[in-house]
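> fold the following and give me the result.
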Amino acid sequence: MPAYKNKDNGTWYVMTQYTNWKGERKPKCKRGFDTKREAQEWEHTFRQQNSGDLDMPFSAFVEIYCREQKPRLKESTWQTKENIIQQKILPYFENYKINEITTKDVRAWQNEMLAYRNEENKPYSSSYLKTLHNQLSAIFNYAVRFYDLRSNPAAKAGNMGSEERKEMLFWTKEEYQKFSEVMMDKPISYYAFQMLYWTGIREGDDDDKIRLNQRKPSKYK
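Residues are numbered from 1 along each chain as shown. Sure, this is the predicted structure:
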């Protein structure tokens, strides 16, 4: 893997080629490395990413995951995922090779998350711990599904935390009818709420698809 020195400023750069998604061979140049070794390491990682070789650092695969997943998600959803990845996952796993991370490694990371205490000596909430684990597992699942990683060590390790049950409040028929009477002078809102209340339609949190909830017939009908 040759690297070249820029005689003008003393930095190093590499020239390589890769195959894009159309199957076309394209040149790739990366400049500004302080040392020849850094330039060569970058080229090695770049080739691994482009070939899908999982004998690469976890941090390098996360770059692939982020690049390919970000366009598929809402900006707000992605920001939450990225924050978890950058602050809670990468600091621990970044230098591991993704195909060498074991169930034992995941459980050691879990123990660090479980042991965390903030300035008020409070741990992460149970639901947040579950979210952290789910994001790590999602990265491994992506590697399994699209890059032929043999298995998901996070799934084998088992989850940590749990979802907090939240109380669900429902309008009675009488309460809703009082509300709808107030909305009748706003036809668009009125019919929208009519549809929402009587069919149970709601917006999904993850994939933004509209789902119909099966509801038992009301005794008030």
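> which residues does the nearest residue to Phe93 once chain neighbours are set aside contact?
Leaving aside its chain neighbours, Phe93 sits nearest to Phe58 (4.4 Å; criterion: C-beta to C-beta, 6 or more residues apart in numbering). Yep, even glycine has a C-beta here, placed from its N, CA and C like the rest. Neighbouring residues of Phe58 by C-beta atoms under 8 Å, 6 or more residues apart in numbering: Leu90, Phe93, Glu94, Asn95, Tyr96, Lys97, Ile98, Ile101.
> mind listing what's buried in the host helix or strand of the first one?
With elements taken from DSSP states H and E, the one containing Leu90 is helix 90-93. Across helix 90-93, burial judged by 16 or more other C-beta atoms under 10 Å covers Tyr92, Phe93.
> what about dumping the CA coordinates of it to CSV?
The C-alpha coordinates for helix 90-93 follow below in CSV (Å, rounded to 0.1, in the frame of the first residue of the first chain):
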residue,chain,number,x,y,z
LEU,A,90,-18.0,3.8,20.4
PRO,A,91,-15.8,4.8,23.4
TYR,A,92,-15.9,1.2,24.6
PHE,A,93,-15.8,-0.8,21.3
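> sorry, back to before: distance of the residue nearest to Phe93 from Met113?
Distance from Phe58 to Met113, counting by C-beta to C-beta, to the nearest Å: 16 Å.
> same question for Ala154.
12 Å.
> look at the closest residue to Tyr13 other than its chain neighbours and give its secondary structure.
Leaving aside its sequence neighbours, Tyr13 sits nearest to Arg31 (C-beta to C-beta, 6+ apart; 4.0 Å). Of the three states, Arg31 takes strand according to DSSP: H, G, I helix; E, B strand; the rest coil.
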